[in-house]
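Q: here is a sequence with its predicted model. Questions after.
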Amino acid sequence: MGINSCQGNVENLSSPSFSSSNRIHIGISSENLILEPDIKSLTQQATKKSVEITAKGSVSLTEMACKGELDAIAIADEMWPSIKCPEASWIDTSDSLYQTRIQFALPTKTAQQLGWDQKTVTRQEVLAALKSGQLNLATTIPTYSNSGYNTLLWLTREAVASNLAPEQITPGSLEPLQSIYQNLAQKSESTSYLAEKLAQKWQPNTLAALYRFLYAPDGTALYHKGQKLPLSEPVTLIEVTPAIPVTPTWFVTTKDEVLKQKLIEEKFKSLESKNPNTFKQLRQLNPPYDASVARETTPVAPVHRQLLANFHPSIRQKRWIVGIIDASGSMKGDGYNQLLAAFEQLLLPKNAQANFLYSPYDRFDLVIYQSNTAYSIPYDQKLNIGEIRYNLWQSLSTQVRPKGGTPVDRGLLTGFQTALDIPTDYKIEIFLFTDGRFNNPVTPELLNFYHQLQDRDAELTIVGAGNVDSPQLQELAGKLDARAIISQDSSKTLDELFKAFREAQI
Amino acid sequence: MHRQQRLLSQIASSLLTIVLPLLLRLLGVSWINAIAIGVIVGLAGLILTSSLSRRVQSFSTWIAYLLVAIAALLIVLFGIPQIKENFQAPELVYGYVGGERYDLLLRNNKVKQLLLNADLQLTEGTVTKKGSISQLKFLQSSRTSNQSLDFIWTGDAPIAEGGKQLIEAQGKRVLENEATLSDPLVLVVNKADADTLVANKFFATQSFNQYGFTHTVDTVKLADLLEGNLTWKDIGLNQYASVPGVIMSNARKSNGGVMAETLIGTVWHNMSLGSLSDKSGLQTSADISQFQPLPTTTPPNIAQKMKQLRLRSGFAESTSSKIRVQLEEGGNPWALTYYSVGKQITQANSNFTLVSLSHTLINSNQFLSFSEQGSKLLQIIQSPEFQAVAQEYGYGNPKGNWIVLPDPSYEAVRSLTGIF
């Protein structure tokens, strides 16, 4: 098996489940999926139990481990547990797997034009090129994915101070980064998925930030889910200074002491001896730094917490989210309940803050369609945004009950009209939450409204919620040039919704 | 006929004399007791299986019965307790151990055997890996679960004193508070940088290399640099972008971090007493005639400087045993930590070397025992056999030309580090 082959699926959104006596539940972040087959087989050998792998971003996996939902994690950097749950009993039960770095890359022609192919580029030069719009960044969501966070931290240290103190991270000091994150070339919730997007479309002025070993060394391909994806134009790996080192690390997080010992001794400490070639190739793909590359310390944990908490309020563009919600009879059940649970997390400020989704500037409209009508949930415009969020949540959870038919055409029309009234300084995000059990709603009138929204750079995401008619939703997404996020069963709706909300945040 | 009977009797008795001690030994009776019982029972057997008429006349039967009685008495007095002890499961011992000593105590086969010989058993379930300060916090926060604790193997004397105070405040008796392994603070440094620093006269080459030290540094000069008024470039290191700091473990969680901050804080305090802090250029230990311990309340200027140093030094691990990750990431050329940790790092990664400090603090790795089992474990840890194994883990009790600075009080350490 090659270094970039893996059986795992970074988009595998299996719902979190608690470890049981018959099953070992392990979380692996996308860059560590190269080790998934060995982790799985060694765990089975050591414990004689079935193994469930959850593939998510490192930040999300750490949060699951902090809640006691996983027996072990292999994440992208060792600092996350100290940031998220520093008092966890398992925080010292860890060791590093290998060393890598965040690697920037540019299409070779652009790199040559800038003269970046023959030199070590300073952070100051990178920041200037991004701020001026000469280059656009392709990165992952900083509050979810380690590579996106490290890239943000690196840029922040140039914009604010190399030796960051928590109190230096303020809306004012982060303002210089707004233009970068409001004009991203590509974005994704995971590094692996970002690589796939870039392989499909890599604009000449796109500066990508991925892990070093996701690039073919000659810059002609990227790796995604074990496949080598050729690039239409070759890219040049840009050497930058200071470096952005990353140390993927395992933690054994189970409270079962016998299991803990087995997972440490017979699994993680045996990984390299089980497959020495993988580790040898990893070392080859992560060569030592050039002598011209400077190094800097990793900031203290309070700095990371402050930056994470400030990303949504202070850096990304403010959003106006229009949720078009299918409340027809077919939505009744688990899927709709999970939809409500997701909105509770998104709308209530305390929950949104805990999920790193909160910006005090975000606004919302909720459009409900059921029976033969569609309507916006009303709220008093004079209220402050916190009260509006709360009122919307109260109305949705207590007054809306799934019933009747599915007038999706009316829902979309009302939602699009609502979106067109949104002030121009907001980024418009429209979500259609539905099970897809309806006839074709696309009419010339609807398309007319939609084209007006596209002119305003609005984005439409169709989220399969409930017992989904997948082909119907895919067809609708194709007609409206929308992004479709569809789960295979209703029990996974909550994960799908969180993913949709996260991706809409950047 | 009599001759044949006598021969059979002799054979049977001899066999009994050999087999019985072996059997008793297998059951756990000591060799001396087993042989004594075997010989006595063998003799009794020999007498009793001899010709009946001769025995009656010679009263030897009574002698044989007396021998059997002695053997029975020996078995009751010594044999049965030893057999019972042999079949008894080793006693589980509950406690906390600082991260860097965990593998030594829990995972070394020679140590496991030493524990087994003493009928003690330590498992991942009974012993928790916990930094010394985390131990204190846990002791403070969870009063009920502390009752089953047999021991804590903590850090230096001031921290152990804090633990003792907390435990005693909860009505639990501390049976022993003893030093175990002697472990000085040292610098672990990127080897190429160490050579550069020798060339720039910041380090000196160490001639006394028996314990792995290749260089030595004046601690006052180091502490003065860590005040943050100079850059890495000023001492010849060009590849570091940050302002000088030093990798330390988290003083809010780990004794290693507390000691590192205490060492630097003590030097800063003495520089301040001698009005050396504001002098230009790097000061040296020659400028301080006598070192005073840290005061009970940290002066505000030292507290502020320490806060800044923590920020410059960056991400702090919760235990000294994880410092290697930060060193290998390369944002800082050095780490201030225990000799034992440094020894393990330099053995695992040849890019790093050990640098001794002119003035240092020595971690005594205090062991607090709360029960008979805890005290038995302490005896094992203090045994020459255990100390020999500990050397494999870097606890080599290194000797050097350093001066050991005076230990501060627990209150002084608490004030400087803000651990509570």
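A: Now that the structure is in, tell me what you want to look at.
Q: list the contacts for residue A:108?
A: A:117, A:219, A:233-236 (Cβ atoms under 8 Å, 6 or more residues apart in numbering or on different chains). C-beta coordinates here come from the backbone N, C-alpha and C atoms, glycine included.
Q: where does the nearest residue to residue B:246 once chain neighbours are set aside land in three-state SS?
A: The spatially closest residue to residue B:246, leaving aside those adjacent along the chain, is residue B:336, at 4.9 Å (Cβ to Cβ, 6 or more residues apart in numbering or on different chains). Secondary structure state of residue B:336, per DSSP: H, G, I helix; E, B strand; the rest coil, is strand.
Q: quick one: pLDDT of residue B:336?
A: Each residue has a pLDDT score; the one for residue B:336 is 97.
Q: in the stretch 1-150 of chain A, what residue is nearest chain B?
A: When distances are taken as Cβ to the nearest Cβ, the stretch 1-150 of chain A reaches nearest to chain B at residue A:92, 4.8 Å away.
Q: what is the burial count for residue B:402?
A: A count of nearby residues for residue B:402, using other Cβ atoms under 10 Å in any protein chain shown, gives 20.
Q: likewise for the one 10 residues further on?
A: By other Cβ under 10 Å, the residues close to residue B:412 number 21.
Q: list the contacts of the nearest residue to it once chain neighbours are set aside.
A: Using Cβ to Cβ, 6+ apart and skipping residues adjacent in sequence, the residue nearest residue B:412 is residue B:294, 4.3 Å away. Contacts for residue B:294 were tallied using Cβ under 8 Å, 6+ apart; they are B:262, B:265-266, B:269, B:408, B:412-413, B:416.
Q: related to what we said a few turns ago, need the contact list for the residue of the stretch 1-150 of chain A closest to chain B.
A: So, once contact is read as Cβ under 8 Å, 6+ apart, residue A:92 ends up touching B:99, B:129-131, B:318-319, B:321-322.
Q: make sure residue A:207 is actually in contact with residue A:133.
A: No: under the contact definition of Cβ atoms under 8 Å, residue A:207 does not touch residue A:133, with a separation of 11.7 Å.
Q: who's more crowded, those two?
A: Of the pair residue A:207 and residue A:133, residue A:207 is the one with more neighbours under other Cβ under 10 Å, namely 25 against 11.
Q: what is that one paired to in the beta sheet?
A: When bridges are taken as DSSP bridges, the partners of residue A:207 come out as residue A:137.
Q: what strand or helix carries the residue most central in space within chain B?
A: Centrality entry for chain B: nearest residue to the mean C-alpha point is residue B:181, 5.0 Å, by Cα atoms, centre = their mean. Using DSSP states H and E, residue B:181 falls within no helix or strand.
Q: state the pLDDT value of residue A:20.
A: As summarised for this prediction, residue A:20 has a pLDDT of 49.
Q: same question for the one 10 residues further on.
A: You'll see residue A:30 listed with a pLDDT of 80.
Q: what sits closest to it if chain neighbours are left out?
A: Spatially, and ignoring its direct neighbours in sequence, residue A:30 is nearest to residue A:192 (3.7 Å; Cβ to Cβ, 6+ apart).
Q: okay, the one you found: pLDDT?
A: Taking residue A:192 on its own, its pLDDT is 83.
Q: roughly how far does it sit from chain B?
A: From residue A:192 across to chain B, the span is 23 Å (Cβ to the nearest Cβ, to the nearest Å).
Q: run a quick neighbour tally on that residue.
A: Count around residue A:192 with other Cβ under 10 Å applied: 30.
Q: spit out the contact partners of it.
A: If a contact means Cβ under 8 Å, 6+ apart, then residue A:192 has A:10, A:30-31, A:33, A:214, A:224-225 as its contacts.
Q: just to revisit the earlier point, so where does the residue of the stretch 1-150 of chain A closest to chain B fall, helix or strand?
A: Secondary-structure element containing residue A:92, defined by DSSP H and E: none, the residue being outside all helices and strands.
Q: could you break the chain into its assigned domains?
A: With no chain named, the answer covers chain A. Listed domain ranges for chain A are A:23-98+A:248-285, A:100-245, A:317-504 (source: automatic domain parsing).
Q: the chain in question should be chain B.
A: Residue ranges for each domain of chain B read B:2-87, B:183-362+B:399-417, as given by automatic domain parsing.
Q: least reliable of those domains going by mean pLDDT?
A: Ranked by mean pLDDT, the domains of chain B bottom out at domain B:2-87, which scores a mean of 78.
Q: I'd like to know how many residues surround the closest residue to residue B:364 other than its chain neighbours.
A: The shortest distance from residue B:364 to any residue that is not its chain neighbour, by Cβ to Cβ, 6+ apart, is 3.8 Å, and that residue is residue B:179. Taking other Cβ under 10 Å as the criterion, the count of residues near residue B:179 is 15.
Q: tell me the contacts of residue B:179?
A: Under the contact definition (Cβ under 8 Å, 6+ apart), the residues listed for residue B:179 are B:157, B:364-367.
Q: from residue A:218, how far off is it?
A: Relative to residue A:218, residue B:179 is positioned 59 Å away (Cβ to Cβ, to the nearest Å).
Q: same thing with residue A:460?
A: Distance from residue A:460 to residue A:218, by Cβ to Cβ: 38 Å.
Q: next one: residue B:122
A: Computed with Cβ to Cβ, the distance linking residue B:122 and residue A:218 is 53 Å.
Q: for residue B:311, same thing?
A: The gap separating residue B:311 from residue A:218 is 41 Å, by Cβ to Cβ.
Q: residue A:150 too?
A: As it turns out, when the distance is counted by Cβ to Cβ, residue A:150 lies 25 Å from residue A:218.
Q: the two - which one has more neighbours?
A: Looking at residue A:150 and residue A:218 with other Cβ under 10 Å, you find the greater number of neighbours at residue A:150, namely 24 against 9.
Q: tell me the residues of chain B that contact chain A?
A: In this structure, chain B approaches chain A at residues B:99, B:107, B:123-125, B:128-131, B:239-243, B:245, B:247, B:253, B:310-319, B:321-322, B:324-326, B:328-332, judged by Cβ under 8 Å from any Cβ of the partner chain.
Q: sitting in strands, which of these do you find?
A: Members of the residues of chain B next to chain A lying in strands (criterion: DSSP state E): B:128-129.
Q: which ChimeraX command selects the buried ones in the residues of chain B next to chain A?
A: In ChimeraX syntax, the buried subset of the residues of chain B next to chain A is picked out as below (16 or more other Cβ atoms under 10 Å in any protein chain shown):
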select /B:99,124,128,129,130,131,239,240,241,242,243,245,247,253,310,311,312,313,314,315,316,317,318,319,321,322,324,325,326,328,329,330,331,332
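Q: and the residues of chain B next to chain A, which of them are in helices?
A: With helices identified by DSSP state H, the entries of the residues of chain B next to chain A that belong to them are B:99, B:310-313, B:324-326, B:328-329.
Q: for the host helix or strand of residue B:224, packing partners?
A: In this structure, residue B:224 sits in helix B:219-225 according to DSSP H and E. In terms of contacts (3 or more Cβ pairs under 8 Å, 6 or more residues apart in numbering or on different chains; DSSP states H and E), helix B:219-225 is packed against helix B:255-273, strand B:359-360.
Q: quick one: buried residues of the first one?
A: It refers to helix B:255-273. B:255-271.
Q: same question, stretch B:12-24
A: Taking 16+ other Cβ under 10 Å as the neighbour-count basis, stretch B:12-24 is seen to contain the buried residues B:13, B:16-17, B:20-21, B:24.
Q: again, but for stretch A:425-438
A: Neighbour counts over stretch A:425-438 (16+ other Cβ under 10 Å) mark A:426-438 as buried.
Q: which pair in the residues you listed has the greatest spatial separation?
A: Across those, the longest distance by Cβ to Cβ is 31.6 Å; it joins A:426 and A:437.
Q: could the ones in helices among the residues of chain B next to chain A be laid out in a markdown table, adding distance to residue A:271?
A: Supplementary listing: those in a markdown table, determined by distance: Cβ to Cβ, whole Å:
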| residue | distance to residue A:271 |
| --- | --- |
| B:99 | 21 |
| B:310 | 34 |
| B:311 | 35 |
| B:312 | 35 |
| B:313 | 31 |
| B:324 | 17 |
| B:325 | 17 |
| B:326 | 22 |
| B:328 | 18 |
| B:329 | 20 |
